[in-house]
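Chemist: predicted model and sequence below, questions to follow.
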Amino acid sequence: MKKFFIEGCILINEKILDDVYYMLLQAPEIADHAEPGQFVHVKKNNSINFLRRPLGIAEVDKKKGTISLIYRIIGRGTAEYAAMTVGEQLSIVGPIGNGFMIKEGRPLIVGGGMGMAPLVFLAERLQEKKPLVLVGGKNEQEVFWPKYMEKYADKIYVTTDDGSLGFKGFTVQFLPKILEDNAVDDIYTCGPDIMMHSVAKIAKKYGKSCQVSMEKRMACGIGVCLGCTFTDKITGKRRKVCVDGPVFPAEEVFDYE
Amino acid sequence: MNEISLTVDIGRLHLKKPVMGASGTFGFGREYEDFLAVHEIGAIVTKGLTPLPREGNPGVRIAETPAGMLNSIGLENPGVDAFIRDILPKIKKYHVPIIVNISAGTVEDYGEMAQKLDIVGVDALEVNISCPNVKEGGIVFGTDPRSAAAVTSSVKKHTGKTVIVKLSPNVTDISCMARAVEAAGADAVSLINTITGMVIDINKRKPLLGNVTGGLSGPAVKPVALHLVWQTAQSVKIPIIGMGGIMNGEDAVEFLLAGASAVAVGAGNFANPRAVKDVTDGIEKYMRKNNIHNLDEIIGKLEV
């Protein structure tokens, strides 16, 4: 899969929550080729920060040639992107990696925290299959995702840690109920490792397929630095999160004991 | 008379361009196909290979630092046999010099790897005696002149290829190391490998890297690397491949002036995947601007 190395003009970069931003970029080459689950590796030109940061592609508009990124300020890199203004150029390498494999059956999308970003793009791709969506977060404010997903989802279930919206508890506590009440075949998930691990175990128990989107520290994003590798649980071979993933069948990533 | 020649010879290795992708940052070359014309670069230096496959170090392996980064990969690689069988046949097509970086735990294993790699398609060996991230081999040989010389002799005995020894900056006197490997028959030296460093997570009171320490690279190390290249150039007659924080043509010209005959781009490839080409173009631009036709007019021409 061809990767592009381009400058993307920032069209929108707005705060949507305390430390969460929505960035719209003019990036026609990326928009043309991106698949749900892929990411871009970005950098501000002449930045004091040396390395790029991987961000999942949240939305794509092929006609307009735009992509959007929804990101949280978690360090120096993302803080710098948040301070960029409309009209500035962001250096982009992408689209990178293998996205979600689109399966035949009824989809259930499970996301936690900022892991939801690439799942927005996935929901769009899956819309004809009437996907169910389960999204969890700390509180009502943090669960702003339905507004990006509602046009694609058949139904959206929300969980919050404090019960301020939807089910009180974690997504994985609510997941079995969804699987018992609905005909679901394939689970697609992205979020904290601990959440995805639990989702994978529940998926296995209920006999559903499960794909997980991984996140790991990486320097290059193109398969050369080997910062993000792990051992495939099925084949025993070394895999790179950046170019072999970031999406993998759950069985390749997690233990099930 | 506007012809500019960027060619340079390192031992019997003829380079059309003086800029290569450094070991561990350039994969096996093919990973850069989307970003530059791989067949036009100076050389590909492969990821460090070992006699057997290695999984590398556990835990976090990458940390960004001011003007650079630390890595503690720990020589993850498929092993020399898999390289010869599966990878080399696929990268010969670039018709670009392939420099294979090798590491081993014993002097004999270095020799054995050299012998295995004494085959068509391999143009030179870069003998890694300077990896700071592995316990066995690696830097153990790179901090003791007698061990470094023993490894060099062993490799030379088993290969007809150009032998480049990669030196560590983590030594008291790099010229002593350079002289030792020159006397043992090295055709060239490359420097610097990364500088040992660490980052601490103050909330967890733990090192950020899984292997506790890592190797520092990027622009942060450039002044150190330049000094060591300059110092080495005073001490040996064999050619030097200079590296350490090179991001553009100006950086590269500094290394050439300090005495390097060619340069390699390492961590810079991560920030700019087209860096090898950009650095090459930058050198050419400098030459054109200053009416220089040949790299010999720059190499080691620092006036002190």
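Modeler: Structure received. Numbers count the residues shown, from 1 in each chain, chains lettered A, B, ... in the order given.

Chemist: going by C-alpha atoms from here, please, whenever you check contacts or count neighbours.
Modeler: OK.

Chemist: roughly how far apart are A:Lys201 and chain B?
Modeler: 23 Å (C-alpha to the nearest C-alpha, to the nearest Å).

Chemist: hmm, I typed the wrong one, I wanted A:Pro54.
Modeler: Taking C-alpha to the nearest C-alpha, one finds A:Pro54 at 12 Å from chain B.

Chemist: can you pull the contacts of A:Gln89?
Modeler: A:Gln89 makes contacts with A:Glu7, A:Gly8, A:Cys9, A:Ile10, A:Lys44, A:Asn45, as judged by C-alpha atoms under 8 Å, 6 or more residues apart in numbering or on different chains.

Chemist: enumerate every residue touching the fifth one.
Modeler: When you say that, I think you mean A:Lys44. Each residue near A:Lys44 by C-alpha under 8 Å, 6+ apart is listed here: A:Glu80, A:Tyr81, A:Gln89, A:Leu90, A:Ser91.

Chemist: at 6 Å what do you get?
Modeler: A:Leu90, A:Ser91 (C-alpha atoms under 6 Å, 6 or more residues apart in numbering or on different chains).

Chemist: what's the distance between it and A:Gly8?
Modeler: 10 Å (C-alpha to C-alpha, to the nearest Å).

Chemist: anything in contact with each of those two?
Modeler: Shared contacts of A:Lys44 and A:Gly8, defined by C-alpha under 6 Å, 6+ apart, comprise A:Leu90.

Chemist: nearest to chain A: which residue in the stretch 151-300 of chain B?
Modeler: Nearest to chain A, among the residues of the stretch 151-300 of chain B, is B:Phe270, at 4.5 Å (C-alpha to the nearest C-alpha).

Chemist: just the C-alphas of the helix or strand where that residue lies, formatted as CSV.
Modeler: Under the criterion of DSSP states H and E, B:Phe270 resides in helix B:268-271. Extracted as CSV, the C-alpha positions of helix B:268-271 are listed here (Å, rounded to 0.1, in the frame of the first residue of the first chain):
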residue,chain,number,x,y,z
GLY,B,268,16.7,11.9,10.7
ASN,B,269,14.9,9.3,8.5
PHE,B,270,12.2,9.1,11.1
ALA,B,271,11.5,12.8,11.1
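
Chemist: elements contacting that helix?
Modeler: Judged by 3 or more C-alpha pairs under 6 Å, 6 or more residues apart in numbering or on different chains; DSSP states H and E, helix B:268-271 is in contact with no other helix or strand.

Chemist: list the contacts of the closest residue to chain B within the stretch 51-200 of chain A.
Modeler: Using C-alpha to the nearest C-alpha, the closest approach of the stretch 51-200 of chain A to chain B is made by A:Leu51 at 5.5 Å. Applying C-alpha under 6 Å, 6+ apart to A:Leu51 gives the contacts B:Ala271.

Chemist: same check on A:Arg52?
Modeler: A:His41, A:Val42, A:Lys43.

Chemist: which among these gets closest to A:Lys205?
Modeler: Nearest to A:Lys205 among those is A:His41, at 35.5 Å by C-alpha to C-alpha.

Chemist: CA atoms of the helix or strand hosting that closest one as PDB?
Modeler: Using DSSP H and E, A:His41 sits in strand A:39-44. Extracted as PDB, the C-alpha positions of strand A:39-44 are listed here (Å, rounded to 0.1, in the frame of the first residue of the first chain):
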ATOM      1  CA  PHE A  39      -3.400   6.200  10.700                       C
ATOM      2  CA  VAL A  40      -1.200   9.200   9.700                       C
ATOM      3  CA  HIS A  41       2.200  10.000  11.200                       C
ATOM      4  CA  VAL A  42       2.300  13.800  11.600                       C
ATOM      5  CA  LYS A  43       4.800  16.500  12.600                       C
ATOM      6  CA  LYS A  44       4.800  20.300  12.700                       C
END
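
Chemist: in chain A, which spans are helices?
Modeler: Assigned by DSSP state H, chain A shows helices spanning A:28-33, A:76-82, A:116-126, A:146-149, A:171-181, A:193-205, A:250-253.

Chemist: give me whichever of those helices is most buried.
Modeler: Mean neighbours per residue, mean count of other C-alpha atoms under 10 Å in any protein chain shown, is largest over the helices of chain A for helix A:116-126, with a mean of 25.

Chemist: so where is the chain shaky, pLDDT-wise?
Modeler: No chain was given, so I picked chain A. Of all residues in chain A, none has pLDDT under 70.

Chemist: chain B is the one I meant
Modeler: B:1-2, B:135-138.

Chemist: cutoff 90 now
Modeler: Chain B contains residues with pLDDT under 90 at B:1-3, B:130-140, B:142.

Chemist: so does stretch A:217-232 get close to chain B?
Modeler: Yes: Stretch A:217-232 lies within reach of chain B by C-alpha under 6 Å from any C-alpha of the partner chain, at A:Cys220, A:Val224, A:Cys225, A:Gly227.

Chemist: just to revisit the earlier point, buried subset of the contacts of A:Arg52?
Modeler: A:His41, A:Val42, A:Lys43 (16 or more other C-alpha atoms under 10 Å in any protein chain shown).

Chemist: so the last one is in contact with A:Val93, correct?
Modeler: No: counting by C-alpha atoms under 6 Å, no contact exists between A:Lys43 and A:Val93, whose distance comes to 8.8 Å.
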